[in-house]
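Chemist: Sequence isn't available, so here's the structure alone:
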């Protein structure tokens with residue numbers, strides 16, 4: 001099976017810390033805050049999920065603006081998970097995007113539309129199926 005992305009997650013014996021590695025050899029970690037019994041040594045899984053959306057949004061906007069040769073100098077993305085607390089049903093993510101550079105109103109409006117097409121946005125808003133198996 002050929003996957004678009006691969007990630008290995010392994011507990012490393014330190015509280016709830018998890019060592020993460022992708023197929024290209026990049027390594028990072030996840031943990032829980034001390035208030036939940038973790039070591040607070042790395043971002044939480046919620047923060048890692050938001051970081052994927054934030055990075056994908058910024059990269060997608062930079063790529064689109066570069067292809068159009070628009071004067072986008074930078075992108076800032078702030079993400080809030082369930083900004084008003086736990087919703088009655090589902091999960092809410094609020095994304096605040098700041099576009100830096102001398103863009104006109106039409107360019108800014110188009111970039112907002114493009115933000116909603118980044119691959120991680122589409123993954124989070126589309127149908128997701130997770131198949132879990134146990135390995136020896």
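Modeler: Perfect, thanks for sending it. Model, not experiment: these values are computed from the prediction.
Chemist: Now do the contacts for the residue nearest the centre of the chain.
Modeler: By CA atoms, centre = their mean, the chain has its centre lying nearest to residue 52, at 1.8 Å. Applying CB atoms under 8 Å, 6 or more residues apart in numbering, we find residue 52 in contact with residue 120. To be clear about C-beta, it is placed using only N, CA and C from the backbone, and glycine gets the same treatment.
Chemist: any idea of the pLDDT on the spatially closest residue to residue 82 that is not a sequence neighbour?
Modeler: The shortest distance from residue 82 to any non-neighbouring residue, by CB to CB, 6 or more residues apart in numbering, is to residue 92 (5.4 Å). Looking at residue 92, its pLDDT stands at 90.
Chemist: got the phi/psi numbers for residue 92?
Modeler: Here is the backbone geometry of residue 92 (degrees, to the nearest 10): phi -110, psi 130.
Chemist: Okay, helices next: where are they in this structure?
Modeler: With DSSP state H, the ranges of helices along the chain come out as 45-68, 105-115, 119-125.
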